[in-house]
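**Q** For reference, the sequence and a predicted model appear below.
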Amino acid sequence: MEGLDASILMHPRVWEASGHVENFTDPMVDCKQCKSRFRLDVLLTELSKKARRKIIQDLAANAGELSASIPGFGAVTDALAAGVQKVQPDKTLDEIAAGGEPALRNFAKALAEGHEDEARDVLEAAAFIPPVIERLSAAGLLRCPNCGAEQSFTAPRTFNLMFKTFIGPVEDDSAVVFLRPETAQGIFVDFLSVLQGTRQKVPFGIAQVGKAFRNEINTKNFLFRTREFEQMEMEFFVRPGNDEEWYERWREERFAWFLSLGMNAERLPFAEHPQDKLAHYAKKAVDIEYHFPFGWGEIEGIHNRTDYDLRRHQEFSGKSMEYFDADTQDRYVPYVIETSAGASRSLMAFLADAYREEEVKDETRVVMGFHPRLAPYKAAILPLVNRDGMDDVAHRLFKDLQGELKVFYDESGSIGRRYRRQDEAGTPYCLTIDSQTLEDQTVTVRERDSMTQERIGMDNAARYLREKLRI
């Protein structure tokens, strides 16, 4: 595995080759009343169940007519048909439509209120077809979530999510550059340089952690959707034919990484991408999702990108991206297995997973139950009182441990209040220096999660913490 720190500002031809100029867009509408702007897929999927039910009923009732008059409406029809298979597998969409308004109403209610994934698929398919959105808006089926206005949306238009700027003093087309919306393309552009400079052999990977920028229409949910964020991406280059084996391996490796840092597996499912929903570059794809307080959200994606990216950059640059295998004496463009994690989103997931509240002796104890490797401080040094020489002993212990571990010193407030502060910070262990310490050189160790205490020799503190923390 090789590390890389690629450029943030990249030439527009890079993004033309990757497909971002053409495909990295979202459909959006503006409310004419309050001037709020919304991504259509988000607007539709965040409607009330009643509103979703009415839209699904309208689309199902008019599916035949709309399929004949609106190009691309087949995607909505397919999603509706998949919903029928969930709700009434013994019928077809046409048969439900033939049953009139009662049958359509029952179908729409069952889908919107009992099968959220299938209902979302219908609405997301509709979101990318402007004439459908115009129809729904004109019929009063879309209400602005901000001001409540009906029939107030502009016609849908595409919105590119890349930030554009200019190199040099003249702002013309020849000076345009984009801030990278992902770190992956820098890896593909530098593939040959890394290959030649490190003399790596396939299979091998290139990874980097760095900033990415997306001009999101609406930011929300704290760190989950922001315009500037940290990514952790790895592109692993493999021989064609071995790609599925490596895809499965990296899928399991990445899931195991989250578990190794204490993540709750029940809140961390895989979400497979169905074949008809795959990105244009992907042969296979799966998301690792986390159940945040606001709902499910993707924190990492694992993708089999085949040789799409390297071949596109080869086409646009005119430079061969082939790898020569000295063992087999043949040349090929490697396939790529990608792991793409949002570092910011992952941090948020670890914070949400660690947070808990417990009732202890008629009070609420807030605990950040971090895995020891993630805890900002591994231990806190607490003199019972700030006198009688206890503070001097505590300072000496703090300095001794500071060279090996990230430790915190706190002498302010009652010992109970200091314990609570360290619980909230996620510190696994507190070492308390008391009057007995002055007599026999032992300290009280309090464990965060169980709140149990034991005494150990002060000269054994570093070894004790290393063993407990497994550092």
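**A** Looks like it came in fine.
**Q** Could you use CA atoms for every contact and neighbour count after this?
**A** Noted.
**Q** what ranges do the strands span in the stretch 251-400 of the chain?
**A** Ranges of strands in the stretch 251-400 of the chain, per DSSP state E, counting those that start in this stretch, are 270-272, 284-292, 295-306, 323-325, 330-332, 335-342, 355-360, 363-368, 379-383.
**Q** separation between residue 81 and residue 121?
**A** Distance of residue 81 to residue 121, given as Cα to Cα, to the nearest Å: 11 Å.
**Q** my bad, residue 270
**A** Separation of residue 270 from residue 121 (Cα to Cα): 18 Å.
**Q** mind giving me a markdown table with the strands of the stretch 251-400 of the chain and columns for mean pLDDT, mean neighbour count and distance to residue 453?
**A** Shown next, in a markdown table, are these (pLDDT from 0 to 100; neighbours: other Cα atoms under 10 Å; distance: least, Cα to Cα, whole Å):
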| stretch | mean pLDDT | mean neighbour count | distance to residue 453 |
| --- | --- | --- | --- |
| strand 270-272 | 91 | 15 | 39 |
| strand 284-292 | 94 | 21 | 33 |
| strand 295-306 | 94 | 21 | 37 |
| strand 323-325 | 93 | 15 | 59 |
| strand 330-332 | 94 | 12 | 61 |
| strand 335-342 | 96 | 25 | 38 |
| strand 355-360 | 92 | 11 | 16 |
| strand 363-368 | 94 | 16 | 17 |
| strand 379-383 | 96 | 26 | 14 |
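**Q** Minimum distance to residue 438: which of those strands has it?
**A** Residue 438 lies closest to strand 379-383 among the strands of the stretch 251-400 of the chain, at 11.2 Å (Cα to Cα).
**Q** Run the chain-centre distance for the closest one.
**A** Mean-position distance between strand 379-383 and its chain equals 35 Å (Cα atoms, centre = their mean, to the nearest Å).
**Q** With stretch 259-275 instead?
**A** The answer for stretch 259-275 is 11 Å, by Cα atoms, centre = their mean.
**Q** Which positions within that stretch qualify as buried?
**A** Buried positions in stretch 259-275, judged by neighbour count with 16 or more other Cα atoms under 10 Å: 262-264, 268-270, 273.
**Q** Equivalent analysis for stretch 130-143, please.
**A** Residues of stretch 130-143 classed as buried by neighbour count (16+ other Cα under 10 Å): 130-134, 136-137, 141-143.
**Q** Over to stretch 74-94?
**A** 74-77, 79-84, 87, 92-93.
**Q** Residue 167: which of the residues you listed is nearest?
**A** Closest to residue 167, out of all of the buried residues of stretch 74-94 and judged by Cα to Cα, is residue 75, at 41.1 Å.
**Q** which ones are touching the closest one?
**A** Neighbouring residues of residue 75 by Cα atoms under 8 Å, 6 or more residues apart in numbering: 125-126.
**Q** and if we set it to 7 Å?
**A** residue 125 (Cα atoms under 7 Å, 6 or more residues apart in numbering).
**Q** separation between residue 429 and residue 281?
**A** Distance of residue 429 to residue 281, given as Cα to Cα: 48 Å.
**Q** okay, the two: which has more neighbours?
**A** Higher neighbour count among residue 429 and residue 281: residue 429, with 27 against 15, using other Cα atoms under 10 Å.
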